[in-house]
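*Asks:* quick one, what's the 3D model for this:
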Amino acid sequence: MKKITMMDNLTLYVNKREYKIEIDEKFTKVTSLDQIEDLEHALPGFFDIESISRQNNKVYLVYSLPEGYEPLEKAKRYVPVIKLQLIKNLLEIDPLLESDGMTYLDLNNIFFKNFKDIKVLYRSNGYLPYNKDISTLDQYKLFVLGFFSDKHSYKRFLINKDNLLRKENNEFMFAVNATTSFADLKTLVDVELEKEQSSFYEKAQFKEDSRKKGFKRKIYLWGLGALLLVLLFAGGIKQVEKNVAAEFKTELAASKLENELTLAVASGDTEKAVKIMKDKEEDPSVIAKMLVQAGKYDDAIDYDKTIEKEVVNHLYKTGQKEKILELKSNSTFLNFEKEIVDFDSENLIAKAPLIEDKDTLKRLALAFLEHDNFENANSVLERLKVDNSGVFKLSDKEIKELDQYVKKAEFEINIKNLNEQIATLKQTDTLEEEESDTLKREEEIKQLENKLVELQQKLIKLNEKIGMDA
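*Replies:* Okay, the predicted model is just below:
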(Lines give C-alpha, C1' and ligand atoms only; values in the text may rest on other atoms or scores of the structure.)
Protein backbone atom coordinates (compact mmCIF):
# COMPACT_ATOMS: atom_id res chain seq x y z
CA MET A 1 0.00 0.00 0.00
CA LYS A 2 1.37 3.40 -1.01
CA LYS A 3 1.84 6.18 1.50
CA ILE A 4 1.82 9.84 0.53
CA THR A 5 3.24 12.70 2.57
CA MET A 6 4.31 16.30 1.93
CA MET A 7 7.59 18.12 2.55
CA ASP A 8 7.11 21.79 1.78
CA ASN A 9 6.31 21.81 -1.97
CA LEU A 10 7.45 18.22 -2.46
CA THR A 11 5.15 15.21 -2.55
CA LEU A 12 6.67 11.98 -1.26
CA TYR A 13 5.24 8.63 -2.41
CA VAL A 14 6.31 5.54 -0.46
CA ASN A 15 5.86 2.01 -1.81
CA LYS A 16 7.70 -0.51 0.37
CA ARG A 17 11.41 0.42 -0.07
CA GLU A 18 10.82 2.74 -3.05
CA TYR A 19 10.59 6.45 -2.30
CA LYS A 20 9.50 8.75 -5.12
CA ILE A 21 9.58 12.55 -4.81
CA GLU A 22 7.36 14.61 -7.11
CA ILE A 23 8.01 18.32 -7.62
CA ASP A 24 5.86 20.64 -9.71
CA GLU A 25 8.13 22.53 -12.14
CA LYS A 26 6.67 25.86 -11.03
CA PHE A 27 8.55 25.38 -7.71
CA THR A 28 11.86 24.69 -9.50
CA LYS A 29 14.32 26.49 -11.74
CA VAL A 30 14.71 23.43 -13.97
CA THR A 31 14.58 23.95 -17.73
CA SER A 32 16.64 20.85 -18.52
CA LEU A 33 17.44 17.68 -16.58
CA ASP A 34 21.11 18.41 -17.25
CA GLN A 35 20.85 21.09 -14.56
CA ILE A 36 20.18 18.51 -11.84
CA GLU A 37 22.11 15.49 -13.10
CA ASP A 38 24.89 16.21 -10.58
CA LEU A 39 22.44 15.08 -7.86
CA GLU A 40 23.18 11.54 -9.03
CA HIS A 41 26.70 11.89 -7.62
CA ALA A 42 27.12 10.29 -4.20
CA LEU A 43 27.31 12.55 -1.13
CA PRO A 44 28.23 11.37 2.40
CA GLY A 45 25.20 11.12 4.67
CA PHE A 46 22.70 11.02 1.78
CA PHE A 47 21.03 8.15 -0.10
CA ASP A 48 21.92 7.72 -3.77
CA ILE A 49 19.28 8.65 -6.36
CA GLU A 50 18.19 5.73 -8.52
CA SER A 51 16.65 7.83 -11.30
CA ILE A 52 15.69 11.39 -12.28
CA SER A 53 12.89 12.06 -14.77
CA ARG A 54 10.56 14.78 -16.03
CA GLN A 55 6.98 14.33 -17.15
CA ASN A 56 3.80 16.44 -17.39
CA ASN A 57 5.51 19.54 -15.96
CA LYS A 58 6.77 17.61 -12.94
CA VAL A 59 10.23 16.46 -11.86
CA TYR A 60 10.57 12.99 -10.28
CA LEU A 61 13.39 11.69 -8.07
CA VAL A 62 13.32 7.97 -7.26
CA TYR A 63 15.25 6.28 -4.44
CA SER A 64 15.51 2.62 -3.42
CA LEU A 65 16.30 2.40 0.29
CA PRO A 66 18.33 -0.48 1.73
CA GLU A 67 16.57 -2.79 4.19
CA GLY A 68 16.47 -1.70 7.81
CA TYR A 69 16.13 2.06 7.36
CA GLU A 70 13.06 3.78 8.77
CA PRO A 71 12.06 7.47 8.75
CA LEU A 72 12.88 9.39 11.91
CA GLU A 73 9.18 10.17 12.26
CA LYS A 74 8.80 6.62 13.63
CA ALA A 75 11.30 7.35 16.41
CA LYS A 76 9.24 10.20 17.89
CA ARG A 77 7.64 7.68 20.25
CA TYR A 78 11.02 6.62 21.69
CA VAL A 79 12.07 7.69 25.19
CA PRO A 80 14.03 10.99 25.45
CA VAL A 81 17.44 9.37 25.96
CA ILE A 82 17.13 7.55 22.61
CA LYS A 83 15.85 10.62 20.78
CA LEU A 84 18.67 12.75 22.16
CA GLN A 85 21.26 10.21 21.03
CA LEU A 86 19.78 10.28 17.51
CA ILE A 87 19.72 14.09 17.57
CA LYS A 88 23.36 14.19 18.69
CA ASN A 89 24.44 11.90 15.87
CA LEU A 90 22.49 13.82 13.23
CA LEU A 91 24.14 17.07 14.37
CA GLU A 92 27.53 15.34 14.09
CA ILE A 93 26.72 14.33 10.49
CA ASP A 94 25.60 17.93 9.80
CA PRO A 95 23.61 17.30 6.59
CA LEU A 96 23.04 21.03 6.04
CA LEU A 97 26.79 21.58 5.84
CA GLU A 98 27.25 18.62 3.49
CA SER A 99 24.50 19.86 1.15
CA ASP A 100 25.25 23.60 1.43
CA GLY A 101 21.93 23.94 3.27
CA MET A 102 19.99 22.54 0.30
CA THR A 103 17.78 19.94 1.96
CA TYR A 104 14.93 19.60 4.46
CA LEU A 105 15.17 18.41 8.06
CA ASP A 106 11.64 17.03 7.87
CA LEU A 107 11.40 13.82 9.93
CA ASN A 108 10.20 11.97 6.82
CA ASN A 109 13.39 13.00 4.99
CA ILE A 110 15.77 11.58 7.63
CA PHE A 111 16.25 7.82 8.11
CA PHE A 112 17.96 5.72 10.74
CA LYS A 113 19.04 2.10 11.09
CA ASN A 114 20.57 2.42 14.56
CA PHE A 115 22.12 5.16 16.67
CA LYS A 116 24.98 5.92 14.32
CA ASP A 117 23.64 4.94 10.89
CA ILE A 118 21.60 8.01 9.91
CA LYS A 119 21.03 9.20 6.34
CA VAL A 120 19.04 11.88 4.53
CA LEU A 121 16.92 11.26 1.43
CA TYR A 122 16.33 14.44 -0.59
CA ARG A 123 18.74 17.24 -1.41
CA SER A 124 18.79 20.06 -3.93
CA ASN A 125 21.54 21.70 -5.95
CA GLY A 126 19.81 25.07 -6.14
CA TYR A 127 17.51 24.26 -9.05
CA LEU A 128 15.09 22.31 -6.85
CA PRO A 129 13.30 23.62 -3.73
CA TYR A 130 14.97 23.73 -0.30
CA ASN A 131 14.58 25.68 2.95
CA LYS A 132 16.38 28.83 1.74
CA ASP A 133 14.21 31.21 3.80
CA ILE A 134 15.25 29.70 7.15
CA SER A 135 18.78 29.99 8.51
CA THR A 136 20.82 26.83 9.06
CA LEU A 137 20.76 27.27 12.84
CA ASP A 138 16.99 27.83 12.91
CA GLN A 139 16.45 24.72 10.76
CA TYR A 140 18.41 22.62 13.25
CA LYS A 141 16.56 24.16 16.19
CA LEU A 142 13.18 23.43 14.58
CA PHE A 143 14.30 19.87 13.87
CA VAL A 144 15.31 19.30 17.51
CA LEU A 145 12.06 20.79 18.81
CA GLY A 146 9.88 18.84 16.38
CA PHE A 147 11.61 15.54 17.04
CA PHE A 148 12.04 15.86 20.79
CA SER A 149 8.42 16.88 21.42
CA ASP A 150 5.99 14.11 22.36
CA LYS A 151 2.99 16.37 21.78
CA HIS A 152 3.50 18.23 18.53
CA SER A 153 4.84 17.40 15.07
CA TYR A 154 7.84 18.91 13.30
CA LYS A 155 5.54 20.45 10.70
CA ARG A 156 3.54 22.24 13.39
CA PHE A 157 6.71 23.71 14.88
CA LEU A 158 7.60 25.07 11.44
CA ILE A 159 4.34 27.04 11.42
CA ASN A 160 3.66 27.93 15.05
CA LYS A 161 6.86 27.48 17.08
CA ASP A 162 6.42 30.15 19.76
CA ASN A 163 2.88 29.15 20.69
CA LEU A 164 3.80 25.45 20.85
CA LEU A 165 6.82 26.16 23.05
CA ARG A 166 4.55 27.81 25.62
CA LYS A 167 2.34 24.73 25.60
CA GLU A 168 5.33 22.38 25.94
CA ASN A 169 6.73 24.32 28.94
CA ASN A 170 9.97 22.31 28.74
CA GLU A 171 13.28 23.82 29.94
CA PHE A 172 15.40 21.92 27.43
CA MET A 173 13.18 23.03 24.53
CA PHE A 174 13.26 26.65 25.74
CA ALA A 175 17.07 26.42 25.86
CA VAL A 176 17.18 24.98 22.32
CA ASN A 177 15.11 27.89 21.06
CA ALA A 178 17.44 30.37 22.79
CA THR A 179 20.74 29.03 21.36
CA THR A 180 22.66 31.46 19.16
CA SER A 181 25.14 29.13 17.44
CA PHE A 182 25.37 25.60 16.08
CA ALA A 183 28.20 24.82 18.53
CA ASP A 184 26.02 25.92 21.47
CA LEU A 185 23.17 23.74 20.21
CA LYS A 186 25.44 20.68 20.01
CA THR A 187 26.77 21.35 23.51
CA LEU A 188 23.23 21.76 24.86
CA VAL A 189 22.16 18.43 23.34
CA ASP A 190 25.28 16.71 24.75
CA VAL A 191 24.57 18.01 28.27
CA GLU A 192 20.89 17.01 28.10
CA LEU A 193 21.86 13.56 26.79
CA GLU A 194 24.24 13.04 29.72
CA LYS A 195 21.48 14.02 32.14
CA GLU A 196 19.00 11.62 30.53
CA GLN A 197 21.57 8.80 30.43
CA SER A 198 22.30 9.27 34.14
CA SER A 199 18.58 9.38 34.93
CA PHE A 200 17.86 6.30 32.87
CA TYR A 201 20.78 4.45 34.42
CA GLU A 202 19.72 5.35 37.96
CA LYS A 203 16.22 3.98 37.33
CA ALA A 204 17.73 0.68 36.29
CA GLN A 205 20.20 0.44 39.17
CA PHE A 206 19.98 -1.86 42.14
CA LYS A 207 18.33 -0.27 45.17
CA GLU A 208 20.38 -0.54 48.36
CA ASP A 209 17.46 -1.94 50.31
CA SER A 210 16.76 -4.45 47.53
CA ARG A 211 20.36 -5.63 47.75
CA LYS A 212 19.97 -6.20 51.49
CA LYS A 213 16.81 -8.25 50.91
CA GLY A 214 18.64 -10.49 48.48
CA PHE A 215 16.60 -9.97 45.33
CA LYS A 216 18.72 -7.23 43.81
CA ARG A 217 19.17 -9.05 40.51
CA LYS A 218 15.46 -9.75 40.15
CA ILE A 219 14.50 -6.10 40.62
CA TYR A 220 17.28 -4.94 38.32
CA LEU A 221 16.14 -7.23 35.53
CA TRP A 222 12.51 -6.29 36.08
CA GLY A 223 13.36 -2.56 36.01
CA LEU A 224 15.48 -2.83 32.91
CA GLY A 225 12.92 -5.05 31.21
CA ALA A 226 10.08 -2.66 32.00
CA LEU A 227 12.02 0.28 30.64
CA LEU A 228 12.88 -1.56 27.45
CA LEU A 229 9.24 -2.57 27.06
CA VAL A 230 8.27 1.07 27.27
CA LEU A 231 10.92 1.78 24.67
CA LEU A 232 10.00 -0.99 22.29
CA PHE A 233 6.21 -1.17 22.82
CA ALA A 234 4.48 -4.44 23.59
CA GLY A 235 4.36 -6.82 20.63
CA GLY A 236 5.49 -6.66 17.01
CA ILE A 237 9.02 -5.34 17.51
CA LYS A 238 10.50 -4.32 14.18
CA GLN A 239 14.07 -5.02 13.20
CA VAL A 240 15.10 -1.37 13.32
CA GLU A 241 13.77 -1.17 16.90
CA LYS A 242 15.69 -4.33 17.78
CA ASN A 243 18.87 -2.74 16.45
CA VAL A 244 18.37 0.39 18.55
CA ALA A 245 17.41 -1.65 21.61
CA ALA A 246 20.47 -3.89 21.35
CA GLU A 247 22.79 -0.93 20.93
CA PHE A 248 21.18 0.92 23.82
CA LYS A 249 21.41 -2.13 26.09
CA THR A 250 25.15 -2.34 25.36
CA GLU A 251 25.61 1.35 26.12
CA LEU A 252 23.61 1.01 29.33
CA ALA A 253 25.86 -1.80 30.53
CA ALA A 254 28.88 0.45 30.14
CA SER A 255 27.25 3.59 31.51
CA LYS A 256 28.51 3.20 35.10
CA LEU A 257 32.12 3.21 33.96
CA GLU A 258 31.36 6.08 31.58
CA ASN A 259 29.82 8.05 34.44
CA GLU A 260 32.97 7.56 36.50
CA LEU A 261 35.05 8.68 33.54
CA THR A 262 32.82 11.73 33.00
CA LEU A 263 33.13 12.72 36.65
CA ALA A 264 36.91 12.30 36.55
CA VAL A 265 37.24 14.49 33.46
CA ALA A 266 34.76 17.08 34.76
CA SER A 267 36.63 17.37 38.07
CA GLY A 268 39.97 17.71 36.30
CA ASP A 269 41.25 14.38 37.62
CA THR A 270 42.85 13.40 34.32
CA GLU A 271 45.14 10.86 36.01
CA LYS A 272 42.09 8.85 37.11
CA ALA A 273 40.50 9.37 33.69
CA VAL A 274 43.62 8.02 31.96
CA LYS A 275 43.65 4.99 34.31
CA ILE A 276 39.96 4.23 33.57
CA MET A 277 40.57 4.52 29.85
CA LYS A 278 43.65 2.29 30.04
CA ASP A 279 41.57 -0.30 31.91
CA LYS A 280 39.06 -0.11 29.06
CA GLU A 281 42.01 -0.69 26.68
CA GLU A 282 41.30 2.54 24.84
CA ASP A 283 43.59 3.50 21.97
CA PRO A 284 46.28 6.06 22.98
CA SER A 285 44.86 8.51 20.44
CA VAL A 286 41.47 8.39 22.22
CA ILE A 287 43.13 9.07 25.58
CA ALA A 288 45.06 11.95 24.04
CA LYS A 289 41.81 13.43 22.68
CA MET A 290 40.30 13.25 26.18
CA LEU A 291 43.30 15.19 27.51
CA VAL A 292 42.81 17.81 24.79
CA GLN A 293 39.16 18.27 25.78
CA ALA A 294 40.26 18.55 29.42
CA GLY A 295 42.68 21.34 28.51
CA LYS A 296 45.82 19.30 29.27
CA TYR A 297 47.46 20.06 25.93
CA ASP A 298 51.09 19.29 26.78
CA ASP A 299 50.03 16.02 28.48
CA ALA A 300 48.05 15.10 25.36
CA ILE A 301 51.06 15.72 23.10
CA ASP A 302 53.35 13.75 25.46
CA TYR A 303 50.86 10.87 25.31
CA ASP A 304 50.43 10.92 21.53
CA LYS A 305 52.66 13.11 19.37
CA THR A 306 50.23 12.91 16.44
CA ILE A 307 47.64 14.89 18.46
CA GLU A 308 49.50 18.18 17.83
CA LYS A 309 47.30 19.13 14.88
CA GLU A 310 44.14 18.43 16.84
CA VAL A 311 45.43 20.60 19.73
CA VAL A 312 45.99 23.51 17.35
CA ASN A 313 42.57 23.06 15.71
CA HIS A 314 40.94 22.91 19.14
CA LEU A 315 42.65 26.10 20.34
CA TYR A 316 41.59 27.99 17.22
CA LYS A 317 38.00 26.74 17.44
CA THR A 318 37.74 27.72 21.11
CA GLY A 319 39.28 31.16 20.56
CA GLN A 320 42.47 30.35 22.49
CA LYS A 321 45.09 30.47 19.74
CA GLU A 322 47.45 32.50 21.99
CA LYS A 323 47.91 29.33 24.09
CA ILE A 324 49.75 27.78 21.14
CA LEU A 325 52.72 29.96 22.14
CA GLU A 326 52.75 28.27 25.59
CA LEU A 327 52.99 24.70 24.26
CA LYS A 328 56.26 22.99 25.21
CA SER A 329 56.70 20.97 22.04
CA ASN A 330 59.17 22.40 19.51
CA SER A 331 58.25 20.27 16.52
CA THR A 332 58.55 21.79 13.03
CA PHE A 333 54.75 21.82 12.77
CA LEU A 334 54.22 23.65 16.08
CA ASN A 335 57.07 26.08 15.43
CA PHE A 336 55.32 27.22 12.24
CA GLU A 337 52.03 27.52 14.14
CA LYS A 338 53.67 29.57 16.91
CA GLU A 339 55.18 31.94 14.33
CA ILE A 340 51.75 32.45 12.73
CA VAL A 341 50.24 33.41 16.09
CA ASP A 342 53.23 35.64 16.89
CA PHE A 343 52.86 37.20 13.40
CA ASP A 344 55.98 38.78 12.06
CA SER A 345 54.99 39.58 8.48
CA GLU A 346 58.47 39.50 6.93
CA ASN A 347 59.40 36.28 8.73
CA LEU A 348 56.17 34.58 7.64
CA ILE A 349 56.59 35.66 4.01
CA ALA A 350 60.03 34.02 4.05
CA LYS A 351 58.77 30.86 5.80
CA ALA A 352 55.58 30.38 3.70
CA PRO A 353 57.28 28.30 0.93
CA LEU A 354 58.51 25.82 3.56
CA ILE A 355 55.04 25.01 4.91
CA GLU A 356 53.56 21.81 3.50
CA ASP A 357 50.60 21.29 5.83
CA LYS A 358 47.44 22.57 4.16
CA ASP A 359 45.74 23.57 7.44
CA THR A 360 48.81 25.50 8.59
CA LEU A 361 48.99 27.25 5.22
CA LYS A 362 45.31 28.14 5.44
CA ARG A 363 45.81 29.59 8.93
CA LEU A 364 48.76 31.59 7.56
CA ALA A 365 46.51 33.02 4.83
CA LEU A 366 43.84 33.91 7.39
CA ALA A 367 46.48 35.58 9.58
CA PHE A 368 47.53 37.72 6.61
CA LEU A 369 43.87 38.60 6.03
CA GLU A 370 43.36 39.54 9.68
CA HIS A 371 46.39 41.85 9.51
CA ASP A 372 45.17 43.50 6.28
CA ASN A 373 48.03 41.98 4.30
CA PHE A 374 45.76 41.01 1.44
CA GLU A 375 48.34 40.55 -1.32
CA ASN A 376 50.27 37.92 0.65
CA ALA A 377 47.02 36.29 1.78
CA ASN A 378 46.00 35.98 -1.85
CA SER A 379 49.39 34.55 -2.79
CA VAL A 380 49.17 31.83 -0.11
CA LEU A 381 45.56 30.97 -1.01
CA GLU A 382 46.40 30.69 -4.70
CA ARG A 383 49.29 28.36 -3.83
CA LEU A 384 46.84 26.15 -1.98
CA LYS A 385 44.31 26.23 -4.81
CA VAL A 386 46.72 25.70 -7.67
CA ASP A 387 48.45 22.71 -6.11
CA ASN A 388 50.42 21.39 -9.08
CA SER A 389 52.61 19.24 -6.84
CA GLY A 390 49.66 17.37 -5.35
CA VAL A 391 51.02 17.89 -1.83
CA PHE A 392 47.84 19.27 -0.29
CA LYS A 393 45.20 17.01 -1.90
CA LEU A 394 42.27 19.33 -1.31
CA SER A 395 38.70 18.08 -1.36
CA ASP A 396 36.03 19.81 -3.46
CA LYS A 397 34.64 21.29 -0.26
CA GLU A 398 38.03 22.71 0.74
CA ILE A 399 38.55 24.20 -2.73
CA LYS A 400 35.12 25.84 -2.53
CA GLU A 401 36.03 27.31 0.86
CA LEU A 402 39.37 28.60 -0.47
CA ASP A 403 37.56 30.24 -3.39
CA GLN A 404 35.59 32.28 -0.87
CA TYR A 405 38.75 33.43 0.93
CA VAL A 406 40.42 34.27 -2.40
CA LYS A 407 37.36 36.32 -3.32
CA LYS A 408 37.57 38.10 0.04
CA ALA A 409 41.23 38.95 -0.53
CA GLU A 410 40.44 40.23 -4.03
CA PHE A 411 37.56 42.35 -2.68
CA GLU A 412 39.83 43.81 0.00
CA ILE A 413 42.58 44.62 -2.54
CA ASN A 414 40.08 46.27 -4.91
CA ILE A 415 38.52 48.25 -2.05
CA LYS A 416 41.96 49.43 -0.95
CA ASN A 417 42.82 50.50 -4.51
CA LEU A 418 39.50 52.33 -4.92
CA ASN A 419 40.01 54.21 -1.65
CA GLU A 420 43.47 55.26 -2.81
CA GLN A 421 42.15 56.44 -6.19
CA ILE A 422 39.34 58.42 -4.52
CA ALA A 423 41.76 59.99 -2.03
CA THR A 424 44.14 60.98 -4.84
CA LEU A 425 41.36 62.59 -6.87
CA LYS A 426 40.02 64.48 -3.85
CA GLN A 427 43.50 65.82 -3.05
CA THR A 428 44.05 67.15 -6.58
CA ASP A 429 44.96 70.86 -6.68
CA THR A 430 41.86 72.54 -8.14
CA LEU A 431 43.08 76.15 -8.14
CA GLU A 432 44.13 76.14 -11.79
CA GLU A 433 41.62 73.49 -12.91
CA GLU A 434 39.06 74.26 -15.59
CA GLU A 435 35.40 73.96 -14.59
CA SER A 436 34.87 71.15 -17.09
CA ASP A 437 37.80 69.26 -15.58
CA THR A 438 36.36 69.76 -12.09
CA LEU A 439 32.98 68.35 -13.16
CA LYS A 440 34.71 65.44 -14.89
CA ARG A 441 36.78 64.70 -11.77
CA GLU A 442 33.73 64.89 -9.49
CA GLU A 443 31.85 62.52 -11.78
CA GLU A 444 34.80 60.11 -11.71
CA ILE A 445 34.86 60.29 -7.89
CA LYS A 446 31.14 59.60 -7.78
CA GLN A 447 31.50 56.54 -10.04
CA LEU A 448 34.38 55.22 -7.95
CA GLU A 449 32.42 55.76 -4.71
CA ASN A 450 29.41 53.89 -6.15
CA LYS A 451 31.71 51.03 -7.12
CA LEU A 452 33.28 51.14 -3.65
CA VAL A 453 29.87 50.86 -1.94
CA GLU A 454 28.93 47.95 -4.19
CA LEU A 455 32.16 46.11 -3.38
CA GLN A 456 31.79 46.79 0.35
CA GLN A 457 28.26 45.35 0.30
CA LYS A 458 29.53 42.22 -1.45
CA LEU A 459 32.34 41.94 1.09
CA ILE A 460 29.92 42.22 4.02
CA LYS A 461 27.78 39.40 2.58
CA LEU A 462 30.85 37.26 1.93
CA ASN A 463 32.18 37.85 5.46
CA GLU A 464 28.82 36.76 6.89
CA LYS A 465 28.93 33.63 4.74
CA ILE A 466 32.43 32.57 5.78
CA GLY A 467 32.06 33.81 9.38
CA MET A 468 34.72 36.50 9.38
CA ASP A 469 34.52 40.05 10.67
CA ALA A 470 34.65 42.85 8.13
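
*Asks:* going forward, measure contacts and count neighbours with C-alpha atoms only.
*Replies:* OK.

*Asks:* this structure: strands as residue ranges?
*Replies:* With strands called from DSSP state E, the chain shows them at 3-7, 10-15, 18-24, 51-55, 58-64, 70-71, 110-112, 118-120.

*Asks:* same list, the ones you listed, but as a markdown table with distance to Asp283 and mean neighbour count please.
*Replies:* Shown next, in a markdown table, are these (distance: least, C-alpha to C-alpha, whole Å; neighbours: other C-alpha atoms under 10 Å):
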| stretch | distance to Asp283 | mean neighbour count |
| --- | --- | --- |
| strand 3-7 | 43 | 13 |
| strand 10-15 | 44 | 17 |
| strand 18-24 | 41 | 19 |
| strand 51-55 | 43 | 14 |
| strand 58-64 | 38 | 18 |
| strand 70-71 | 33 | 21 |
| strand 110-112 | 28 | 23 |
| strand 118-120 | 25 | 22 |
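
*Asks:* closest to Pro80 out of these?
*Replies:* Nearest to Pro80 among the strands of the chain is strand 110-112 (16.1 Å), distances taken as C-alpha to C-alpha.

*Asks:* got a list of contacts for the closest one?
*Replies:* For strand 110-112, contacts defined as C-alpha atoms under 8 Å, 6 or more residues apart in numbering pick out 69-72, 118-121.

*Asks:* that strand pairs with which strands, parallel or anti?
*Replies:* Paired neighbours of strand 110-112 in the sheet (DSSP bridges): strand 70-71 (antiparallel), strand 118-120 (antiparallel).

*Asks:* got the strands of the chain as a markdown table, with mean pLDDT columns?
*Replies:* Below are the strands of the chain laid out as a markdown table (pLDDT from 0 to 100):
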| stretch | mean pLDDT |
| --- | --- |
| strand 3-7 | 83 |
| strand 10-15 | 91 |
| strand 18-24 | 94 |
| strand 51-55 | 93 |
| strand 58-64 | 95 |
| strand 70-71 | 90 |
| strand 110-112 | 93 |
| strand 118-120 | 94 |
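
*Asks:* got CSV for those strands, with distance to Gln456 too?
*Replies:* Converted to CSV, the strands of the chain look like this (distance: least, C-alpha to C-alpha, whole Å):
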stretch, distance to Gln456
strand 3-7, 38
strand 10-15, 38
strand 18-24, 38
strand 51-55, 41
strand 58-64, 39
strand 70-71, 45
strand 110-112, 39
strand 118-120, 37
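
*Asks:* which of those sits closest to Asn177?
*Replies:* Of all the strands of the chain, it is strand 110-112 that lies closest to Asn177, at 21.1 Å by C-alpha to C-alpha.

*Asks:* quick check: end-to-end length of stretch 300-308?
*Replies:* 8 Å (C-alpha to C-alpha, to the nearest Å).

*Asks:* buried stuff in that stretch?
*Replies:* Residues 300-301, 303-304, 307-308 are the ones in stretch 300-308 that count as buried (16 or more other C-alpha atoms under 10 Å).

*Asks:* that older thread, for Asn57, which of the strands paired with strand 110-112 is the nearest?
*Replies:* Nearest of these (C-alpha to C-alpha): strand 118-120, 25.7 Å.

*Asks:* what does that closest one rub up against?
*Replies:* Here strand 118-120 has contacts from 45-47, 89-90, 95, 109-112, using C-alpha under 8 Å, 6+ apart.

*Asks:* only the buried subset of those, as a PyMOL command please.
*Replies:* Of the contacts of strand 118-120, the buried ones go into a single PyMOL selection, burial set by 16+ other C-alpha under 10 Å:
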select buried, resi 45+46+47+89+90+95+109+110+111+112
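
*Asks:* so which of the contacts of strand 118-120 comes closest to Ser436?
*Replies:* Set against Ser436, the nearest of the contacts of strand 118-120 by C-alpha to C-alpha is Pro95 (59.9 Å).
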